[in-house]
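Colleague: prediction below, plus the sequence it came from.
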Amino acid sequence: MSYSTAGPSRTVTLDDVRGAQKMLSGVARVTAMEGSRHLSQMVGAPVHLKCENLQRTGSFKLRGAYVRIAGLLPEERAAGVVAASAGNHAQGVALASSLLGVHATVFMPKGAPLPKVSATREYGAEVRLYGQVVDETLAAAEEYAAATGAVFIHPFDHPDIIAGQGTVGLEILEQCPEVRTIVVGVGGGGLLAGIAVAVKALRPDVRIVGVQAEGSAAYPPSLAAGHPVSVPHPATMADGIKVGRPGDVPFGLVRDLVDEVRTVSEDQLSAALLLCLERAKLVVEPAGASPVAALLGDPPAFEGPVVAVLSGGNVDPVLLQRVLRHGMAAQGRYLAVRLRLTDRPGALATLLGVLSVVDANVLDVSHVRTDPRLGLTEAEVELHLETKGPEHCAEVNQALRDAGYTVMG
């Protein structure tokens, strides 16, 4: 699904982005641009991946955080800064503050992944765990700012943040001057707005497409209404773009400069993450894979050369395991089956022999013998299998039926 955009209002300029680029020299990396043969074949034109997952702290967030904090007055720096985040913004603020000699307090939800909490502390921030969701954490950070005088560093709703993120757009034009379409994941809109400011000022012919997760897509209804509106209960595995309301500052820029905002499903996000890992050898978080998900969902819609911005790579290992399995299932490469067999010695070995003949790789076996639903001589087996695609799944199911097994799911 896609939504066109239009309208007036601008609060960040190309000069702001160029100033941010000078400020970030020697601080943020000029991240690599990698070609993708697989995606290029699908789209029918060159596709390049802008690897912000390889940025310091693992995402683009350092850019905006550094520019925002570097622009504070001496008395503001002395009071310290405070931020609220479940991960990427937290790490960006922590490192930027450490580099600038500013004390940072970062509020994170109690359920934030431990690797992200540890990384934020290692970058030098004081971490406070509060609340179960980011909204509660955000409220706590704002209360702390009001009580202490610390400067609240918003993750996306400030011109300096947007200018810093816009430096990604300048790098894209330098690295791929022939680009025709840039695809960017969207949460609050800071990265998309910044890239749009930089690129449209220099190359108004370049098409800029934002991508949101279906369960957390606040921009389409906001653009339709002409002002930011909230999604009541945003839900997606892509926590980096799980934002319930567009920022006021980026919204005006997105409305004015961005050509289109698309949405992608959870299945498409999973498949995109799996593709990045297998084909590009890049670890990317679900939010960072959202532009690739859009390309997978509708390849002919993107005029090439295309640049897809991989915005981050900070994925929790537990989530990565679940998402990869989900992605394999979405591609028909993972099959879960449940069946009953006679509970006798060798019965399980016979079943595994059938699967071996059809070349299905057994990942996990659950064997239940005692259950009120089972007969005295029955056992129930649940198998998780790695397969080669939908046709192979059908072949496996048929082989089990031919061998006399009743497949229940």
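Modeller: Thanks, I have it. Numbers count the residues shown, from 1 in each chain.
Colleague: count the residues that sit near the residue nearest to Gln268 when sequence neighbours are not counted.
Modeller: Spatial nearest neighbour of Gln268, excluding adjacent residues (C-beta to C-beta, 6 or more residues apart in numbering): Ala293 at 4.0 Å. The way it works is simple: take the backbone N, C-alpha and C, and place the C-beta from them, glycine included. Ala293 is flanked by 28 other residues according to other C-beta atoms under 10 Å.
Colleague: pLDDT score assigned to Ala293?
Modeller: Looking at Ala293, its pLDDT reads 97.
Colleague: alpha carbons of the strand or helix carrying it, in CSV - could you do that?
Modeller: Using DSSP states H and E, Ala293 falls within helix 290-297. Extracted C-alpha coordinates of helix 290-297, given in CSV (Å, rounded to 0.1, in the frame of the first residue of the first chain):
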residue,chain,number,x,y,z
SER,A,290,12.3,-1.9,6.0
PRO,A,291,13.5,-0.3,2.7
VAL,A,292,14.5,-3.8,1.5
ALA,A,293,11.1,-5.1,2.5
ALA,A,294,9.5,-2.4,0.3
LEU,A,295,11.6,-3.5,-2.6
LEU,A,296,10.7,-7.1,-2.1
GLY,A,297,7.0,-6.2,-1.9
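Colleague: which residues touch that helix?
Modeller: 39, 42-43, 47, 49, 183-186, 209, 211-213, 238, 241, 262, 264-265, 268-269, 271-272, 275-276, 284, 302, 306, 308-310 (C-beta atoms under 8 Å, 6 or more residues apart in numbering).
Colleague: by contact count, what packs against the next helix or strand after it?
Modeller: Sequence-wise, the next helix or strand downstream of helix 290-297 (DSSP H and E) is strand 306-310. Where contact means 3 or more C-beta pairs under 8 Å, 6 or more residues apart in numbering; DSSP states H and E, strand 306-310 is packed against helix 37-43, strand 47-51, helix 159-175, strand 181-185, helix 290-297.
Colleague: compare the ones you listed and give me the one nearest Gly226.
Modeller: helix 159-175 (20.1 Å; C-beta to C-beta).
Colleague: that older thread, can I get the helices and strands packed on strand 306-310 in CSV with distance to Leu62?
Modeller: Formatted as CSV, these follow (distance: least, C-beta to C-beta, whole Å):
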stretch, distance to Leu62
helix 37-43, 26
strand 47-51, 14
helix 159-175, 8
strand 181-185, 17
helix 290-297, 20
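Colleague: ok so, going back, can I have the buried ones of the contacts of helix 290-297 as a ChimeraX selection?
Modeller: Restricted to buried positions by 16 or more other C-beta atoms under 10 Å, the ChimeraX selection for the contacts of helix 290-297 reads:
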select :39,42,43,47,49,183,184,185,186,209,211,212,213,238,241,262,264,265,268,269,271,272,275,276,284,302,306,308,309,310
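Colleague: picking that back up, and the residue nearest to Gln268, how far from Leu320?
Modeller: The gap separating Ala293 from Leu320 is 16 Å, by C-beta to C-beta, to the nearest Å.
Colleague: quick one: residues in contact with stretch 17-30.
Modeller: 54-56, 62-63, 66-67, 70, 99, 160, 163-164, 166-167, 169-171, 194, 197-198.
Colleague: what about that stretch, how long is it end to end?
Modeller: End-to-end distance for stretch 17-30: 15 Å, by C-alpha to C-alpha, to the nearest Å.
Colleague: how about the strands in the stretch 101-250 of the chain?
Modeller: Assigned by DSSP state E, counting those that start in this stretch, the stretch 101-250 of the chain shows strands spanning 104-108, 126-129, 151-152, 181-185, 207-213.
Colleague: partners of the first one, with directions?
Modeller: Sheet partners assigned to strand 104-108 using DSSP bridges are listed as strand 81-84 (parallel), strand 126-129 (parallel).
Colleague: could you do the shortest one as well?
Modeller: If you go by DSSP bridges, strand 151-152 pairs up with strand 81-84 (parallel).
Colleague: repeat for the last one
Modeller: On the basis of DSSP bridges, the sheet neighbours of strand 207-213 come out as strand 181-185 (parallel), strand 260-264 (parallel).
Colleague: kind regards, and thank you for your time.
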